[in-house]
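**Student:** got a predicted structure here, sequence first:
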Amino acid sequence: MIDNLRDRAKKEDRAVAWLYCDYNAQQEHTVINMMGAILKLLAGREIPDEIRKAFLEGTRPLFPSLMRILRTMIASLPQVFICIDALDELPASNIPELLESLREILQEFPKTRIFLTGRPHVMEAIQRYFVGAVVISIFPNLEEIRKYVSSRLREGFWLYSDMYLRTEIEEIIIQQQAGSSQWIALLVCRTTKNFYCTNKNIERRCN
C-alpha cells in the first residue's frame, strides 16, 4: 500500500511519511523520535535550518519546537499522508501522546490523511482520539502465510529436508494465525475521493 501511495502521491506533488513499529525496538519508539522521523521523511533532503543548527550544536530540539517545525513543514505541502504500521507494537504508555500529537496535526491541517494499522486491543484508543474514524478489519491470507513459512524453512536445508517436521511447524504457525486479525484505521477518508489503496474492497468501503 505504501508503494502504491508513494507512486500516486509523487505524481500529484503530495508527501508521504510512513513508520513501522517494532516490538523489539520499543525503547527507540518514543513520541519525539517518531514525530522526528515523520519530519525527516517529509523534509527529504531539505532539512529545516532550525533542525540542522540544533544537531550541529550537539543538541536536539525539545518536543514543542519539533512539533512547531513539523507543522510548518506540513503547511508548506499541498497534502500529507502519515502512515503508521503496527501501532500495537508501541509501548502502551506512548500511545496516548502519539495519538494526541496526530490529532492536533489533523485538527490544524484537515487535508492531512492518517492511516494506522494494529491489532484490535488498541482500537478503543484510536476511536477515543479520532471520533468517526473508519475502521476496517482484515484477516490473514493463510495460503500466503504458508508460502512465506515454507520459503523461510527452505533456508535451513536440514530442516526443510525433514518433511514431517516441516509440515508440523507450518501447521502450528497456520493454526496460530487463523484466529488472529488486524485492523486498519482510515481517518477522515470519507471526506475525499482521492484515497489510494491497492485493496479494492477497502477502497469501496472508504468511498
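**Tutor:** In hand now; what should we look at? Numbers count the residues shown, from 1 in each chain.
**Student:** any idea which residue sits dead centre in the chain?
**Tutor:** Closest residue to the average C-alpha location of the chain: Ile84 at 1.7 Å, with Cα atoms, centre = their mean.
**Student:** show the pLDDT at that one.
**Tutor:** At Ile84, the model reports a pLDDT of 94.
**Student:** SS state for it?
**Tutor:** Judged by DSSP: H, G, I helix; E, B strand; the rest coil, the three-state class of Ile84 is strand.
**Student:** contacting residues for it?
**Tutor:** Trp18, Leu19, Cys21, Met34, Leu98, Ile114, Phe115, Leu116, Thr117 (Cβ atoms under 8 Å, 6 or more residues apart in numbering). Quick note: C-beta positions are derived from backbone N, CA and C, even for glycine.
**Student:** quick check: it vs Val31, distance?
**Tutor:** Separation of Ile84 from Val31 (Cβ to Cβ, to the nearest Å): 12 Å.
**Student:** name the residues contacting each of these two.
**Tutor:** With Cβ under 8 Å, 6+ apart as the test, Ile84 and Val31 both reach Leu98.
**Student:** ramachandran angles for Glu12?
**Tutor:** phi -110, psi 20 (degrees, to the nearest 10).
**Student:** for stretch 117-137, give the mean pLDDT please.
**Tutor:** What stretch 117-137 shows for mean pLDDT is 85.
**Student:** would you mark the buried spots in it?
**Tutor:** Thr117, Gly118, Val122, Met123, Ala125, Ile126, Tyr129, Phe130, Ala133, Val134, Val135, Ile136 (16 or more other Cβ atoms under 10 Å).
**Student:** and that stretch, how far from the chain's centre?
**Tutor:** Distance of stretch 117-137 from the chain centroid (Cα atoms, centre = their mean, to the nearest Å) equals 13 Å.
**Student:** can you measure across it, start residue to end residue?
**Tutor:** With Cα to Cα, to the nearest Å as the measure, stretch 117-137 spans 10 Å from end to end.
**Student:** which stretches of this structure form helices?
**Tutor:** Applying DSSP state H to the chain gives helices spanning 2-11, 31-43, 49-56, 63-75, 95-108, 123-129, 142-154, 157-160, 163-178, 200-206.
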